[in-house]
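Enquirer: The sequence and its predicted three-dimensional model are supplied below.
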Amino acid sequence: MTAPVTVPAVVPADWPTTEAEALAEQRRLRPLVAARGPAPEPVAGTLVAGVDVAYDDERDVVAAAAVLLDYATLEVVEEATAVGRVAFPYLPGLLAFRELPAVTAALDALTRSPDLVVCDGYGLAHPRRLGLASHLGVTTGLRTIGVAKNPFTFAYALPGGRRGDWTPLLDGGEEIGRAVRTREGVKPVFVSVGHGIGLTEAVTVTLALTPAFRIPETTRRADSLCRRALAEAVAPGGTGR
DNA sequence: GCGACAG
DNA sequence: ATCTTGTCGC
């Protein structure tokens, strides 16, 4: 694997500035989400990406990381980061507008395209059915899933104690995702469809990516990388400005 | 009106 | 997300 490349994360000129604009964009993208499709095959050459973002709100700096793993071995094959200005304030339900410009830049910096992207957050499990994973999938054309660490506002019963046990994540009577036990004795993670894949398949991928820890290897790798990138960006002599 | 609220 | 030391345990 080569050293990670870092690119500037530029917020598009037409990026939403207000809550109303963001809501309008969600309404436009929502019908484009595909909630079904196959899981990637765990064979040599299949690539799965993990993406994550870290912030320095004090300096208005954001750093995103995209890490490519070989789905068959979970070995890291490529890394990229993007650093720029925060694109949007944090508002529950509008997280995509805060994170995606940097995430997209990091993904674009990879020399190869992933067969699937694992996001840190939700996809269809969202008040308006367009969490960041679905938003990213529709705007890039990539297949995506969301694996979140918290249930947000949704309801669920605790799944059984064994790895692989799951229960539906419910919004009213609708199953919008699943609470999945990735390890015995730890809290479940919350899996939802992003784009181009079914819910059962998304759970299969999540379990394949969690051989040792609660959180998928993709997310763990991306998390540590974006933190490193942020630290370098804001360090004296860095690319902080 | 008040609280809750992915990261 | 981020603020934050040591500490219990495999």
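Expert: The structure has been received and is ready for your questions. Residues are numbered from 1 along each chain as shown, chains lettered A, B, ... in the order given.
Enquirer: Am I right that A:Cys226 sits in a helix?
Expert: Yes. Under DSSP: H, G, I helix; E, B strand; the rest coil, A:Cys226 sits within a helix.
Enquirer: Please name the bridge partners of the closest residue to it other than its chain neighbours.
Expert: Nearest non-adjacent residue to A:Cys226, counting by Cβ to Cβ, 6 or more residues apart in numbering: A:Ala65, 3.7 Å away. Any C-beta I mention is one placed from the backbone N, CA and C, and that applies to glycine too. Taking DSSP bridges as the rule, A:Ala65 bridges to A:Asp52, A:Thr81.
Enquirer: A:Ala65: what's it in contact with?
Expert: A:4, A:50-53, A:79-81, A:106, A:221-223, A:225-226, A:229 (Cβ atoms under 8 Å, 6 or more residues apart in numbering).
Enquirer: these two touch, right, A:Gln26 and A:Leu130?
Expert: Yes. Using Cβ atoms under 8 Å, A:Gln26 is in contact with A:Leu130, at 4.7 Å.
Enquirer: which one of those two has more residues nearby?
Expert: For A:Gln26 versus A:Leu130, the count of surrounding residues by other Cβ atoms under 10 Å is larger for A:Leu130: 28 against 22.
Enquirer: how about the more buried one, what does it touch?
Expert: A:Gln26, A:Leu29, A:Arg30, A:Val33, A:Ala96, A:Leu124, A:Val138.
Enquirer: Among these, name the ones in helices.
Expert: Mapping the contacts of A:Leu130 onto helices (DSSP state H) picks out A:Gln26, A:Leu29, A:Ala96, A:Val138.
Enquirer: closest point of chain A to DNA strand C, which residue?
Expert: Relative to DNA strand C, the nearest point of chain A is A:Ala54 (3.5 Å; Cβ to the nearest atom of the strand).
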